[in-house]
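Student: take this sequence and fold it.
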Amino acid sequence: EVTDRIAIGFTGSDDIKEAVVSMSDYIKKETLAEELQIKELEVSDFTKTWDIGEEECTISIRRNIN
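Tutor: Residues are numbered from 1 along each chain as shown. Next comes the predicted model:
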């Protein structure tokens, strides 16, 4: 069973931001995220940029230490 909690930061186009904001509760529940920021995390354990269609999205993840 996975119990680690994370923080997610993300940057992208306005369309991608709108989609993430509208699905934020679902994203947080499915990823065990305690926080979802519409900006890149200042400190992260992992960052990756994807091309989604003709748009670019960068997601950064940090494991929260409880």
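
Student: next, the most centrally placed residue in the chain: secondary structure please.
Tutor: When the chain is reduced to its mean C-alpha position, the nearest residue by C-alpha atoms, centre = their mean turns out to be Ile8, at 3.5 Å. When classified by DSSP: H, G, I helix; E, B strand; the rest coil, Ile8 comes out as strand.

Student: ok, what's across the strand from it?
Tutor: Leu36, Ile61 (DSSP bridges).

Student: who touches stretch 39-48?
Tutor: For stretch 39-48, contacts defined as C-beta atoms under 8 Å, 6 or more residues apart in numbering pick out Ala7, Ile8, Gly9, Phe10, Thr11, Thr58, Ile59, Ser60, Ile61, Arg62, Arg63. Glycine gets a C-beta too; all of them are placed from N, C-alpha and C.

Student: number of nearby residues for the residue found closest to Lys17 once you drop the neighbours it is linked to in the chain?
Tutor: Leaving aside its chain neighbours, Lys17 sits nearest to Ile38 (5.7 Å; criterion: C-beta to C-beta, 6 or more residues apart in numbering). Residues within reach of Ile38, counting by other C-beta atoms under 10 Å, total 14.

Student: close enough to count as contact, Ile38 and Ala19?
Tutor: No: at 11.3 Å, Ile38 and Ala19 do not qualify as touching, with contact defined as C-beta atoms under 8 Å.
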